[in-house]
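S.K.: Just to be clear, the model below is a prediction. Sequence and coordinates:
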Amino acid sequence: MGWPRATAPAWPVHAGLVLLAMISATGYGLADPELRKVIFALVTAVPIVTYLLALGARHLTDRLPWLAAVAGLGFLTVGTVLWPDWIPEHHFGSAEGSTTDLVMASAHLVFLLSAASALRRHGRTDPGGLIDAALFGLCAAGPLWEWLIGPHLGPAATDLGKALLLSDVLVLAAVLGCLVRIGVTARGARGPLGYLVLTATLTLANDVIAVHTVHGSSVWTAQIMMLAYLTLAAPALLPAAPLITEPGPAPAGVRHPPLGRLGAALCANPLIVAVQAIRADGPASVVLPVSTMIVVPMVVLRLRLLSVQRAAAEQTLAHQAHHDELTGLYNRRHIVARIDEAMSALDRGAITEVTVLLCDLDGFKPVNDRYGHQAGDLVLQTVAQRLTTAVGPHGAVGRLGGDEFVVVQCGGERLTDRITALVREPIEVPGGIVRIGASVGAATAWPGDGGDRESLIARADAAMYAVKARPATPAPVTI
């Protein structure tokens with residue numbers, strides 16, 4: 001039996017998740033302490049099994065991120081087996097900074113790095129949006145720590161333990177923001193992404209609950225963590241799972257948050273520290289130094305991205321200002337400016353001659369009439385390429401409009417016959433192969449002849465019409 005197709009219903013996965021969550025939570029609540037450890041360890045292995053099954057069935061095509069996720073989850077499961085009392089004995093949430101805390105935090109980091117690898121392709125289509133979302137998540141984590149976590153840590157908490165717990169909260173909040181942003185743009189993957197958002201939300205909530213229940217029962221903490229593991233297992237089973245790592249193009253109309261809102265969010269953590277300093281009601285918070293180490297590089301990256309985008313936009317606008325949109329040749333304004341530059345150089349004695357060639361296509365209109373405008377555009381683009389090849393680096397080619405082209409030369413061989421021969425070569429278009437002709441008129445200016453740009457173009461135009469007055473070029477034919 002093959003893996004469900006992308007069009008298969010997702011409700012069996014939802015129903016199976018709910019059933020397994022109910023069985024696990026009920027079993028854990030009713031079991032004795034030793035059996036609870038076994039149940040918890042088995043639940044942590046569920047996402048590993050689902051990922052390996054999906055990989056084995058080739059349902060997940062981008063294998064590396066999913067294998068890295070399996071490695072991170074395996075690391076967490078091993079930690080759970082080696083230290084089964086981590087949650088039952090309230091070490092989770094105490095921020096003790098023990099070896100267990102360090103190992104679990106490292107395992108969590110491996111998994112988060114694999115998640116970042118899985119989502120990396122989304123960053124290619126929406127890098128700014130992902131950075132903004134991560135920054136909003138980081139900024140939201142500050143108040144969460146200061147109001148719900150930090151003040152409630154017990155005396156067993158150490159500086160290392162606080163830093164590990166805070167880093168976990170900050171990274172989870174950033175990942176949660178990115179997942180929500182991707183869900184906005186990658187509509188086809190919203191099912192799997194929804195489960196990942198739920199996993200991050202449950203894990204963040206459990207960080208808070210674990211701190212508040214250190215002196216009470218650990219059952220709720222373990223049950224919520226098990227639910228997080230189960231929601232983490234579900235995405236790989238959904239038909240749309242491959243879309244997590246294979247995003248489509250970002251939909252049009254997706255906007256970035258105003259920079260003013262982003263700036264206000266970035267002020268949240270410094271404002272918290274400032275209020276604490278004014279009130280002098282406790283020790284300095286670790287939020288500002290830890291979050292700053294994470295936020296500042298991201299802000300620098302965002303500014304760098306804005307700079308690159310602006311430079312690319314300016315380059316695009318500059319190109320559009322001087323080039324024809326269809327053919328990529330110089331447009332009328334720029335090619336006329338090139339003629340003026342050449343005439344000025346001629347007057348200064350920097351060059352010995354300036355030649356202008358006007359090229360008008362013969363038999364182009366029947367191509368449009370018979371094969372359509374798409375074929376006509378293809379003919380114009382092909383002619384533009386051939387003219388550029390004929391002129392080489394020592395001249396300039398522009399499009400005046402329609403099927404009229406102009407070439408500017410400052411010395412060199414006469415190109416009239418070469419251009420005419422190149423244009424007459426067959427051109428393949430949808431529906432057939434056509435041949436067109438070209439009427440080329442040339443005019444040359446020398447130092448001291450008293451000519452200007454207008455007179456030079458006028459002479460080339462007259463020469464072109466003289467060529468056009470000769471026997472007509474045959475209409476395009478299909479070969």
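M.R.: Alright, I've got the coordinates. Numbering: from 1, shown residues only.

S.K.: what separates stretch 100-112 from the chain centre, distance-wise?
M.R.: 28 Å (CA atoms, centre = their mean, to the nearest Å).

S.K.: Alpha carbons only: can I get it in CSV?
M.R.: What follows is stretch 100-112, C-alpha atoms only, in CSV (Å, rounded to 0.1, in the frame of the first residue of the first chain):
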residue,chain,number,x,y,z
THR,A,100,20.7,17.1,32.3
ASP,A,101,19.5,20.6,31.5
LEU,A,102,22.5,21.2,29.2
VAL,A,103,22.0,17.9,27.4
MET,A,104,18.3,18.5,26.9
ALA,A,105,18.9,22.0,25.7
SER,A,106,21.5,20.8,23.2
ALA,A,107,19.1,18.1,21.9
HIS,A,108,16.4,20.7,21.6
LEU,A,109,18.9,23.0,19.7
VAL,A,110,19.7,20.1,17.2
PHE,A,111,16.0,19.6,16.5
LEU,A,112,15.4,23.4,16.0
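
S.K.: Val397 reaches Gly328, doesn't it?
M.R.: No: assessed by CB atoms under 8 Å, Val397 is found out of contact with Gly328, at 9.8 Å. Backbone N, C-alpha and C define where each C-beta goes, glycine included.

S.K.: shared neighbours of those two, which are they?
M.R.: Ala384 (CB atoms under 8 Å, 6 or more residues apart in numbering).

S.K.: out of these two, which sits in the more crowded spot?
M.R.: Val397 (27 against 14; other CB atoms under 10 Å).

S.K.: all helices for the stretch 351-479 of the chain, in order.
M.R.: Remark: helices assigned in the stretch 351-479 of the chain by DSSP state H, counting those that start in this stretch are 364-371, 373-391, 416-424, 453-468.

S.K.: In contact with the nearest residue in space to Ala228 that is not next to it in sequence: list those residues for me.
M.R.: Closest residue in space to Ala228, ignoring its immediate chain neighbours: Leu202 at 4.0 Å, by CB to CB, 6 or more residues apart in numbering. Residues near Leu202 by CB under 8 Å, 6+ apart: 224-225, 227-228, 231.

S.K.: what does Gly372 give?
M.R.: Applying CB under 8 Å, 6+ apart, we find Gly372 in contact with Pro430.

S.K.: and Phe364, how many neighbours does it have?
M.R.: Quick note: Phe364 (other CB under 10 Å) scores 20 neighbours.

S.K.: Look up the closest residue to it, ignoring the ones flanking it.
M.R.: The shortest distance from Phe364 to any non-neighbouring residue, by CB to CB, 6+ apart, is to Asp403 (4.5 Å).

S.K.: Which of the three states applies to Phe92?
M.R.: With DSSP: H, G, I helix; E, B strand; the rest coil as the basis, the three-state label of Phe92 is coil.

S.K.: I'd assumed Pro84 was in contact with it.
M.R.: No: using CB under 8 Å, Phe92 is not in contact with Pro84, being 11.8 Å away.

S.K.: More neighbours: these two, which one.
M.R.: Phe92 (26 against 17).

S.K.: Show me how the protein divides into domains.
M.R.: 11-317, 332-468 (automatic domain parsing).

S.K.: What's the end-to-end length of the first one?
M.R.: Start-to-end span of domain 11-317 (CA to CA, to the nearest Å) is 49 Å.

S.K.: pLDDT on it, on average?
M.R.: Mean pLDDT, domain 11-317: 81.

S.K.: So what's the gap between it and the chain middle?
M.R.: 21 Å.

S.K.: can you pull the contacts of Val406?
M.R.: So Val406 contacts 335, 356-359, 397-400, 460 (CB under 8 Å, 6+ apart).

S.K.: Apart from its chain neighbours, what residue comes closest to it?
M.R.: Nearest to Val406 is Gly398, by CB to CB, 6+ apart, at 5.0 Å.

S.K.: For the stretch 101-250 of the chain, which segments are assigned as helices?
M.R.: 122-125, 127-144, 159-185, 190-212, 219-233.

S.K.: Which of these sits closest to Arg310?
M.R.: Arg310 lies closest to helix 127-144 among the helices of the stretch 101-250 of the chain, at 11.7 Å (CB to CB).

S.K.: Can you dump the C-alpha atoms of stretch 379-394 in PDB for me?
M.R.: The C-alpha coordinates for stretch 379-394 follow below in PDB (Å, rounded to 0.1, in the frame of the first residue of the first chain):
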ATOM      1  CA  VAL A 379      10.900  37.500 -34.200                       C
ATOM      2  CA  LEU A 380      11.800  40.900 -32.700                       C
ATOM      3  CA  GLN A 381      13.800  39.300 -29.900                       C
ATOM      4  CA  THR A 382      15.600  37.100 -32.400                       C
ATOM      5  CA  VAL A 383      16.400  40.000 -34.600                       C
ATOM      6  CA  ALA A 384      17.700  42.000 -31.600                       C
ATOM      7  CA  GLN A 385      20.000  39.100 -30.700                       C
ATOM      8  CA  ARG A 386      21.300  38.900 -34.200                       C
ATOM      9  CA  LEU A 387      21.900  42.600 -34.400                       C
ATOM     10  CA  THR A 388      23.800  42.500 -31.100                       C
ATOM     11  CA  THR A 389      26.000  39.700 -32.400                       C
ATOM     12  CA  ALA A 390      26.700  41.500 -35.700                       C
ATOM     13  CA  VAL A 391      27.700  44.800 -34.000                       C
ATOM     14  CA  GLY A 392      29.800  43.200 -31.200                       C
ATOM     15  CA  PRO A 393      31.300  45.300 -28.400                       C
ATOM     16  CA  HIS A 394      32.300  48.200 -30.600                       C
END
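
S.K.: ok, and for it, which residues are buried?
M.R.: Residues 379-380, 382-384, 386-388, 390-391 are the ones in stretch 379-394 that count as buried (16 or more other CB atoms under 10 Å).

S.K.: Now do that stretch: everything it contacts.
M.R.: Defining contact as CB under 8 Å, 6+ apart, one finds that stretch 379-394 is touched by 324, 326-329, 359, 361, 364, 367, 397, 399, 403, 405, 407, 409-412, 415, 418-419, 422-423, 425, 427, 429, 434, 436, 438.

S.K.: For ChimeraX, write the select line for the buried members of those residues.
M.R.: Those of the contacts of stretch 379-394 that count as buried under 16+ other CB under 10 Å are selected in ChimeraX with:
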select :324,327,329,359,361,364,367,397,399,403,405,407,409,410,415,418,419,422,423,427,429,434,436,438
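
S.K.: Restricted to strands, list the contacts of stretch 379-394.
M.R.: Of the positions in those, 359, 361, 397, 399, 405, 407, 409, 427, 429, 434, 438 sit in strands, assigned by DSSP state E.

S.K.: just to revisit the earlier point, dump the buried residues of stretch 379-394 to TSV, plus pLDDT.
M.R.: Below are those laid out as TSV (pLDDT from 0 to 100):
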residue	pLDDT
Val379	93
Leu380	94
Thr382	94
Val383	94
Ala384	94
Arg386	93
Leu387	93
Thr388	92
Ala390	89
Val391	88
